[in-house]
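J.: sequence below, structure please.
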Amino acid sequence: GVSFYRVHPASGLICFGRDLVEPPFKPGGAAGVAILKVLFPVMRRLPKETAESFVPSLSQECPPGNECNAATQAALGYYESVNQRDIAGAVELMSETVRYEDLALFPSAKVGRGAMSEMLG
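T.: Residues are numbered from 1 along each chain as shown. A predicted model of the protein is given here:
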């Protein structure tokens, strides 16, 4: 899969995100989407240690010797907050009008901090 994030240049907050998740298994078609819609909420609610036994967290730091720009720092901070189950911290990194799209899991975009907090919580 791949993720795209846009950061507002003045605030440094995430104003747009799109995730194109590629599952480790490929059941295909509507069945695959239905399975992901069931598994995704369950995985989010597992204790961190249990979830990491399925999908280990990746380092959320800039590679040594590299300077990370504001967009990279915001995206890494978001993932670190999500990995730590810090929903409030993740949402703080987003603009009030953030727009998030993951059309594999949601039929329409999530718009605003409230929608993001509800989705992540």
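J.: for the spatially most central residue of the chain, give me the backbone phi and psi.
T.: For the chain, the residue sitting closest to the mean C-alpha position, by C-alpha atoms, centre = their mean, is Tyr79 at 6.3 Å. Phi and psi for Tyr79, reported as degrees, to the nearest 10, are phi -60, psi -40.
J.: can we start the residue count at 40 from this point?
T.: Will do, 40 is the new start, and the previous item becomes Tyr118.
J.: let me know the pLDDT of it.
T.: For Tyr118, the model assigns a pLDDT of 85.
J.: that one and Val77, how far apart?
T.: 23 Å (C-beta to C-beta, to the nearest Å). For every residue, glycine as well, the C-beta is placed using N, CA and C.
J.: tell me where the protein has strands.
T.: 41-46, 53-59, 133-140, 149-150 (DSSP state E).
J.: what is the distance between stretch 152-160 and the centre of its chain?
T.: 11 Å (C-alpha atoms, centre = their mean, to the nearest Å).
J.: can you check stretch 145-154 too?
T.: With C-alpha atoms, centre = their mean, you get 12 Å for stretch 145-154.
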